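Enquirer: Can you look at this prediction? I've put the sequence above it.
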Protein chains: 2
Amino acid sequence: MCELLGGTTGKVRTYGSSMKRDIIAQDEADRLKRHQDERGFTAFKFRIGAECGRDQDEWPGRTEEIVPLMRKSFGDETALLVDANSCYSPAKAIEVGRFLEANGISHYEEPCPYWHYDQTKQVTDALDIDVTGGEQDCSLVDWKRMIDEKVVDIVQPDICYLGGMVRTMKVAQMAHEAGIPCTPHAANLSLVTLFTMHLLRAIPNAGKYLEFSIEEEDYYPWQYDLFVKSPFDIIEGNAIVTDAPGWGVEVNPDWLAKSTYKISSLEG
Amino acid sequence: MCELLGGTTGKVRTYGSSMKRDIIAQDEADRLKRHQDERGFTAFKFRIGAECGRDQDEWPGRTEEIVPLMRKSFGDETALLVDANSCYSPAKAIEVGRFLEANGISHYEEPCPYWHYDQTKQVTDALDIDVTGGEQDCSLVDWKRMIDEKVVDIVQPDICYLGGMVRTMKVAQMAHEAGIPCTPHAANLSLVTLFTMHLLRAIPNAGKYLEFSIEEEDYYPWQYDLFVKSPFDIIEGNAIVTDAPGWGVEVNPDWLAKSTYKISSLEG
């Protein structure tokens, strides 16, 4: 598929992406370390603040603890990314951002309520660290504005939330013309991560890595045996886009047979 | 209710609002005339262009015909409003707007695709006629931007689309602070028009009139006998907000008994 999109098969660097906030700092460091030992990830994302948290942390002191602990737990060759999921006001976001910069974090996702572009832009303008966002944005009009106004340093469309590959490639192209890299959002090991692998091999402004969920049975129990052969083997921290036909996967008929179906239709 | 909202009971000037495009100019003039004779409306809105029409008319020449015919059919004391329902590009919208101005039309609704604020703003800036819009906008962030950037001369929130009275009053207040009148959207004789009557008696920047559907059995067959006693009697072109308790109506139990019910719920 990536060749049809104008790209080539091959490797895609990934970052191991934690979905958890309700995890103490040492446990998070330990499990990311384990994933690095097992699969060679060269980058990880962890979470700070509380989701839409109005400047509050998941619990007091968690962010202040986890950021330096992560930096200490991994060598400088491991990139560290954080996601604030709309936690902060601009002033607090800038303060936290300086703390992240001091700890060698390189990617600061969704510092402010995502729908307030003007708040996010204040943070982007104030900091050196890459401020990133866009997973929630589904309107091409909003995307144009976000890119025209340089609200973020890196755009993060989600292929499935945004309405498919063609619309996402439009956003990537708009960003490319503005000199902005595209590091899509892909929060689980369903088709969205597969689509994103192909996209990243096909666009000129692909960001540094593919988001790759490290969550397991307790968090995504449905993800096992989804494909006859998983396209998600990670080798030395890279996912591989192969030349197998189409998306390169066959959805497991047993998995489908056990699934519930939901049909949405539009009358008219 | 309007007293709880800070207003007073009394009259609300209405405009008779046509929902139809698929009607020839003379028939539209004739039926609006009939509604004026029956209920004394002092203002009417009719439709021009095609809905989201990309500069095309409902059929060639309809807009050029209906605008002067309406002006000729009604005295100058009858205000005439038009709705383009996202039909035009900015250049075409401005051209049509000048034609409307030349024909004494006083309200030009949704000239451009409503989601392109920059396009609508070009039209607002170029014309003297009141350019209006906002029925589709449901985000307070978008509303703030629409008002801050003076995208339209008159805002038209829909109380039900926007999410209720409190949110609509927030929009009305934002508009008030910017010196912009509020003429809400209310497209049928269900609760939305009743809510809007109360709102218009309660806000300081109420626009000139209440939108009041003139559609009948063929278009809104469900609207009959919805209330035990209709709150929608029009006297000399005015609706009346009474001091009856609450919204001043009782929904007809027979109407409810014949209705289908739909429950939407959010899991979590």
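Expert: Looks like it came in fine. All values reported here derive from a predicted model rather than from experimental measurement.
Enquirer: And A:Asn238, how far from A:Leu200?
Expert: A:Asn238 sits 11 Å away from A:Leu200, going by Cβ to Cβ, to the nearest Å. Backbone N, C-alpha and C define where each C-beta goes, glycine included.
Enquirer: between those two, what contacts are shared?
Expert: Shared contacts of A:Asn238 and A:Leu200 (Cβ atoms under 8 Å, 6 or more residues apart in numbering or on different chains): A:Val12.
Enquirer: So if I had to pick from these two, which one is more boxed in?
Expert: Ranked by neighbour count (other Cβ atoms under 10 Å in any protein chain shown), A:Asn238 and A:Leu200 place A:Leu200 first, with 27 against 20.
Enquirer: give the contact list for A:Leu256.
Expert: Taking Cβ under 8 Å, 6+ apart, one finds nothing in contact with A:Leu256.
Enquirer: Checking it next. Helix, strand or coil?
Expert: What DSSP: H, G, I helix; E, B strand; the rest coil gives for A:Leu256 is helix.
Enquirer: Helices of the stretch 101-250 of chain A, residue ranges please.
Expert: A:117-126, A:140-148, A:159-162, A:165-177, A:191-200 (DSSP state H, counting those that start in this stretch).
Enquirer: Any idea which of these gets closest to chain B?
Expert: Closest to chain B of the helices of the stretch 101-250 of chain A, according to Cβ to the nearest Cβ: helix A:140-148, at 5.2 Å.
Enquirer: Show me what the mean pLDDT comes to for the closest one.
Expert: The average of the pLDDT scores along helix A:140-148 is 96.
Enquirer: Can I get that helix in PDB, CA atoms only?
Expert: Output in PDB follows, covering the C-alpha atoms of helix A:140-148 (Å, rounded to 0.1, in the frame of the first residue of the first chain):
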ATOM      1  CA  LEU A 140      -9.700  20.400   7.400                       C
ATOM      2  CA  VAL A 141     -10.600  24.000   8.000                       C
ATOM      3  CA  ASP A 142      -9.300  23.700  11.600                       C
ATOM      4  CA  TRP A 143      -6.200  22.000  10.300                       C
ATOM      5  CA  LYS A 144      -5.500  24.800   7.900                       C
ATOM      6  CA  ARG A 145      -5.800  27.300  10.700                       C
ATOM      7  CA  MET A 146      -3.600  25.300  13.000                       C
ATOM      8  CA  ILE A 147      -0.900  25.100  10.300                       C
ATOM      9  CA  ASP A 148      -1.300  28.600   9.100                       C
END
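Enquirer: Any part of it near chain B?
Expert: Yes: judged by Cβ under 8 Å from any Cβ of the partner chain, helix A:140-148 comes into contact with chain B at A:Val141.
Enquirer: Okay, buried residues for that helix please.
Expert: Applying a neighbour-count criterion of 16 or more other Cβ atoms under 10 Å in any protein chain shown, one finds A:Asp142, A:Trp143, A:Lys144, A:Arg145, A:Met146, A:Ile147 buried in helix A:140-148.
Enquirer: now do stretch A:59-73
Expert: Within stretch A:59-73, the residues that count as buried by 16+ other Cβ under 10 Å are A:Arg62, A:Thr63, A:Ile66, A:Val67, A:Leu69, A:Met70, A:Arg71, A:Ser73.
Enquirer: same thing with stretch A:98-112?
Expert: A:Leu100, A:Asn103, A:Gly104, A:Ile105, A:His107, A:Tyr108, A:Glu109, A:Glu110, A:Pro111, A:Cys112.
Enquirer: In contact with the third one, which residues?
Expert: If a contact means Cβ under 8 Å, 6+ apart, then A:Gly104 has A:Arg71, A:Asp76, A:Leu80 as its contacts.
Enquirer: residues from chain A in reach of chain B?
Expert: A:Trp115, A:His116, A:Ser139, A:Val141.
Enquirer: Am I right that the first one is in contact with B:Cys138?
Expert: The reference is to A:Trp115. No: using Cβ atoms under 8 Å, A:Trp115 is not in contact with B:Cys138, being 12.0 Å away.
Enquirer: ok, so of the buried residues of stretch A:98-112, who is nearest A:Arg47?
Expert: Closest to A:Arg47 out of those is A:Glu109 (9.1 Å), distances taken as Cβ to Cβ.
Enquirer: While we're on the nearest residue to the closest one once chain neighbours are set aside, how confident is the model there?
Expert: The shortest distance from A:Glu109 to any non-neighbouring residue, by Cβ to Cβ, 6 or more residues apart in numbering or on different chains, is to A:Asp83 (4.1 Å). Among the per-residue scores, A:Asp83 shows a pLDDT of 98.
Enquirer: Any figure for the gap between A:Asp83 and A:Val141?
Expert: Going from A:Asp83 to A:Val141 by Cβ to Cβ gives 25 Å.
Enquirer: Over to A:Ile24?
Expert: 42 Å.
Enquirer: mind checking the longest strand of chain A?
Expert: strand A:10-17 (DSSP state E).
Enquirer: From the contact counts, what lies against it?
Expert: helix A:25-39, strand A:43-47, strand A:210-213, strand A:238-241 (3 or more Cβ pairs under 8 Å, 6 or more residues apart in numbering or on different chains; DSSP states H and E).
Enquirer: by how many degrees do that strand and strand A:43-47 diverge?
Expert: Relative orientation of strand A:10-17 versus strand A:43-47 (axes from the mean of the first three to the mean of the last three Cα atoms, to 10 degrees): 30 degrees.
Enquirer: Only C-alpha atoms, please: export strand A:10-17 in CSV.
Expert: Presented in CSV, the C-alpha positions along strand A:10-17 are these (Å, rounded to 0.1, in the frame of the first residue of the first chain):
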residue,chain,number,x,y,z
GLY,A,10,11.2,-0.6,4.7
LYS,A,11,11.8,0.2,8.3
VAL,A,12,9.9,2.8,10.5
ARG,A,13,11.5,3.9,13.7
THR,A,14,8.9,3.6,16.6
TYR,A,15,8.5,5.0,20.0
GLY,A,16,7.0,2.9,22.7
SER,A,17,3.9,4.7,23.8
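Enquirer: Do me a favour and average the pLDDT over that strand.
Expert: Here the average pLDDT along strand A:10-17 is 98.
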